[in-house]
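Provided below for reference: sequence and predicted model.
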Amino acid sequence: MAKMPPKAYDNAKFLNSASARSIRMLAEYVEPKNRLERNKIRDTIVFFGSARFSDAQEAARRLAQARTPAEKREAQRLQATARYYEEARELAGKLTRWSEQCSPTGRRFVVCSGGGPGIMEAANRGAQEAGGISLGFNISLPLEQQPNPYITRGLSFQFHYFFMRKLWFAYLAKALVVFPGGYGTLDEMMEALTLVQTEKLKKKMLVVVYGSEYWKRVINFDAMQDMGTIDASDRKLFRFADSPTGAFDLITSWLEKHYL
């Protein structure tokens, strides 16, 4: 008797082929949707920011162990940027405690990150230290980005497609906090602002840009307005914050007004 061929959904060679790309895309929508619904996750506060920052303790350790000029320069950079890690950690903790108070189930306004190191780790870590849950939407990269250890068990997701990961960031978020970061952070921030500007979102979403000194050096908003590429009203689509307390007050007052 001839051997039975595999069913299409059991055919690994087919499922990993170019022909099945649409199926893999759909899987990255359906599986997270199913898991999020099972865990009763309704909405999130998303933290964006650099994967290259470390906590103050690690920065101090690296500086103490630095021997070459290059190692010292890198350790000094880590020490200078560690404040953003610590402030993201503090803010995530404050938001998690607030969320627990306003929602008996602890499933409203859940802290969410990109799941990796740096600011992402700080956000998940702050939520865990506050006794709450948090999400991590990780992405497979050439230099493998490992999920950080502070994501709540069962709420760590691994994506292949950037656009599907971004969909889940935007779909659940009621607020975004954008810490200093590089290309990826810029991409995420600008896409979110574009969605708000063009009214492609059917909900209200707050965008908080954290660290005005950094961002005003990186993006010349005045020049953009002077050249007419954005309007004065476009600058009202986001708000600056420079401290965990300031960001916390902005976010919680806005969420209470629009969602509670």
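In hand now; what should we look at?

so where's the stretch 101-250 of the chain shaky on pLDDT?
By pLDDT under 70, the weakly predicted segments of the stretch 101-250 of the chain are 105-106, 144.

can you pull out the strands in it?
110-113, 134-139, 156-159, 173-178, 206-210, 239-241 (DSSP state E, counting those that start in this stretch).

Make CSV from these and add mean neighbour count and distance to Asp55 to it.
(Each C-beta comes from the backbone N, C-alpha and C, glycine too.) Converted to CSV, the strands of the stretch 101-250 of the chain look like this (neighbours: other CB atoms under 10 Å; distance: least, CB to CB, whole Å):
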stretch, mean neighbour count, distance to Asp55
strand 110-113, 30, 15
strand 134-139, 24, 17
strand 156-159, 18, 20
strand 173-178, 24, 18
strand 206-210, 23, 17
strand 239-241, 18, 20
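
Redo the ones you listed as a markdown table? Include distance to Glu71.
Formatted as a markdown table, the strands of the stretch 101-250 of the chain follow (distance: least, CB to CB, whole Å):
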| stretch | distance to Glu71 |
| --- | --- |
| strand 110-113 | 28 |
| strand 134-139 | 29 |
| strand 156-159 | 32 |
| strand 173-178 | 30 |
| strand 206-210 | 29 |
| strand 239-241 | 33 |
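
right, and those strands - which one's nearest Trp98?
Of all these, strand 110-113 sits nearest to Trp98, with 10.8 Å by CB to CB.

which neighbours does that closest one have in its sheet, and in what orientation?
Neighbouring strands of strand 110-113 in its sheet, by DSSP bridges, are strand 44-48 (parallel), strand 134-139 (parallel).

what residues are up against Leu63?
Residues near Leu63 by CB atoms under 8 Å, 6 or more residues apart in numbering: Lys72, Ala75, Gln76, Leu78, Gln79.

Just to check, the fourth one is in contact with Asp55?
No - look at Leu78 against Asp55 with CB atoms under 8 Å: they stay out of range, at 9.3 Å.

Comparing the two, which residue is more hemmed in?
Leu78 (22 against 17; other CB atoms under 10 Å).

Enumerate every residue touching that one.
Here Leu78 is in contact with Phe53, Ser54, Glu58, Ala59, Arg62, Leu63 (CB under 8 Å, 6+ apart).

Derive a PyMOL selection command for the buried subset of those.
Restricted to buried positions by 16 or more other CB atoms under 10 Å, the PyMOL selection for these reads:
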select buried, resi 53+54+59+62
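
Just name the closest of the contacts of Leu78 to Tyr85, please.
Nearest to Tyr85 out of the contacts of Leu78 is Phe53 (CB to CB; 4.6 Å).
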